[in-house]
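S.K.: Below are the sequence and a predicted model; questions follow.
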Amino acid sequence: MSLRDWFAEKRNIKKLDADAVNSKLTDKELGELWIHCFSCGVNITKKEWRTNLRVCPKCNFHFRIGVSDRLEHLLADDTDWFSEIDETMTSANPLDFEDTQKYTDRKKEADKKSGLKDAIVTGVASIGGESLALAIMDFSYMGGSMGSVVGEKITRLTERALTDRLPLVLFSASGGARMQEGTFSLMQMVKTGSVLGKLHEAGLLYISILTEPTFGGVTASYGMLGDIIIAEKGSRIGFAGRRVIEQTIRQKLPADFQTANYLLKYGQVDQVIERSALRSMLIDLIRLHRVASGMEPTPLAPEKGKKQGNGSSPSGKALV
């Protein structure tokens, strides 16, 4: 970009901001029409932002997205569909945990805010003509924390993949284990790792996709156990947080530490992919593995709860 173009763009941004202020819209109305990019500071119309898959068209900053937006992107064709399984599963309160708020009350708030029952949605799907077992984590539900439900749903989905001879694709977005469930949440690391080992022994494909952010016990377990590990552009990925590590080793870490590109540089992920290219790459990888393995396509029929081609968002119940 030339210096003249840069100044022209800045003038255009200021004009858009001024037009928004002078339009006499309320803050709420402005928030419904515009979104502010954290990276470059540009205000983007929400229509343009959604069309661009929640990616800033100016600087290519990838915003966090939840289950419904992820499915909207993946189910791009009319023939694509997703059927949720174990949709009613919810956590108990095995430790009767209470800090500033009871765990049961905190969960109710998260249910209402996110429209989900827990931090993950699992099911079977057909995308681009390829059948697969699909799991998507949602950071908006208690920071995507991994509790008993997350571990159990991943385990059941993997067992379904073993039974039906399906590839498994898992999108991670998590701050780590859920402290309100203590040791029960830590046990999910072993449980998911064990069943994923069986998937590997069976010669079935597991693609792990790390999104913004993926940390803690999720990174230390199923997040890094994929046959192919893909990081979405702009994701931060690690175990402990940056501040904790710096305080422990008493050293300043590189500016790009724990970024997707940093992990790619040191061989901890196989590829860093922009959101717009993710769907087609998944289809290609699944098809390539199936053909190379001499496997026939696994025919699946949509089950009772179905979301087909760019439909409405999941509600935590069956997708219809």
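M.R.: Structure received. Numbers count the residues shown, from 1 in each chain.
S.K.: And for V150, the neighbour number?
M.R.: Other residues lying near V150 total 30 when counted by other Cβ atoms under 10 Å. Every C-beta, even on glycine, is put in place using the N, C-alpha and C of the backbone.
S.K.: Can you read off the backbone torsions of the closest residue to it other than its chain neighbours?
M.R.: Excluding the flanking residues, the one nearest V150 by Cβ to Cβ, 6 or more residues apart in numbering is I120, at 4.8 Å. In terms of degrees, to the nearest 10, the main-chain angles of I120 are phi -150, psi 150.
S.K.: Make sure I120 is actually in contact with I154.
M.R.: Yes - using Cβ atoms under 8 Å, I120 is in contact with I154, at 7.0 Å.
S.K.: what residues are shared contacts of those two?
M.R.: Listed as contacting both I120 and I154 by Cβ atoms under 8 Å, 6 or more residues apart in numbering are A135.
S.K.: okay, the two: which has more neighbours?
M.R.: I120 (29 against 25).
S.K.: so what's the more buried one scoring on pLDDT?
M.R.: Among the per-residue scores, I120 holds a pLDDT of 98.
S.K.: so what's it up against?
M.R.: Shown in contact with I120 (Cβ under 8 Å, 6+ apart): 135-138, 149-150, 153-154.
S.K.: Specify the beta-bridge partners of it.
M.R.: Under DSSP bridges, the beta-bridge partners of I120 are M137.
S.K.: quick one: it from S172, how far?
M.R.: 9 Å (Cβ to Cβ, to the nearest Å).
S.K.: Now do the shared contacts for those two.
M.R.: Common neighbours of I120 and S172 (Cβ under 8 Å, 6+ apart) are M137.
S.K.: E32: neighbour count?
M.R.: If you count neighbours by other Cβ under 10 Å, E32 ends up with 11.
S.K.: Name the helix or strand for it, please.
M.R.: For E32, the host element (DSSP states H and E) is helix 27-33.
S.K.: next one: G217
M.R.: helix 216-219.
S.K.: helices or strands up against that helix?
M.R.: Applying 3 or more Cβ pairs under 8 Å, 6 or more residues apart in numbering; DSSP states H and E, we find helix 216-219 packed against strand 168-174, helix 182-201.
S.K.: mind listing the strands for the protein?
M.R.: Along the chain, counting by DSSP state E, strands occupy 34-36, 43-45, 81-85, 120-127, 130-137, 168-174, 206-214, 228-232, 271-273, 306-308.
S.K.: what's the most buried one of those?
M.R.: strand 168-174 (a mean of 27; mean count of other Cβ atoms under 10 Å).
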